[in-house]
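>>> next one to model:
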Amino acid sequence: KRHYDECEQSSKLQKELRQRTPEQRLEAHTKRAKQQQQLLREANTLLTMPSLAPADTVLMTSTETQNALICQPQQRNTAGR
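Model (predicted):
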C-alpha cells in the first residue's frame, strides 16, 4: 500500500511538471542554477582556503570509505551462551 502511494505521488508530481508553462520551467531552472552556484562558491572556499571554511563542512571526496573490514571473533561464543 505504501509503495503504491509513493508511486502515485511521484506520478502526480511528474504530471504537474509536464503541465508547467515554459516561463515556469525557466524560473525553476534559474532557481536551481542559483542554488548550484551557491554550493559551488561554498565548496570553492573549502578547496582553495581550507582554514577559512566553516568547521562543520567536509568535502564529499573526504568522506568516502577506502577500506572496511568486519570481523567476527572465531574463538568466542557470539551468541552469549
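
>>> tell me the buried residues in the longest helix belonging to the chain?
With residue count as the measure and DSSP state H as the assignment, the chain has helix 22-48 as its longest helix. Applying a neighbour-count criterion of 16 or more other Cβ atoms under 10 Å, the buried positions in helix 22-48 are residue 46. Just so you know, the C-beta spots here come from the backbone N, C-alpha and C atoms, and that holds for glycine as well.

>>> show me what that helix is packed up against.
For helix 22-48, there is no helix or strand it packs on, judged by 3 or more Cβ pairs under 8 Å, 6 or more residues apart in numbering; DSSP states H and E.

>>> and with 10 Å instead?
When contacts are defined as 3 or more Cβ pairs under 10 Å, 6 or more residues apart in numbering; DSSP states H and E, helix 22-48 sits against helix 2-18.

>>> just the buried positions in the helix it packs on, please.
Of the residues in helix 2-18, none is buried (16+ other Cβ under 10 Å).

>>> same for it, what does it pack against?
helix 22-48.

>>> and the angle from the helix it packs on to helix 2-18?
Taking axes from the mean of the first three to the mean of the last three Cα atoms, to 10 degrees, one finds helix 22-48 and helix 2-18 inclined to each other by 110 degrees.

>>> nice, that's everything, thank you.
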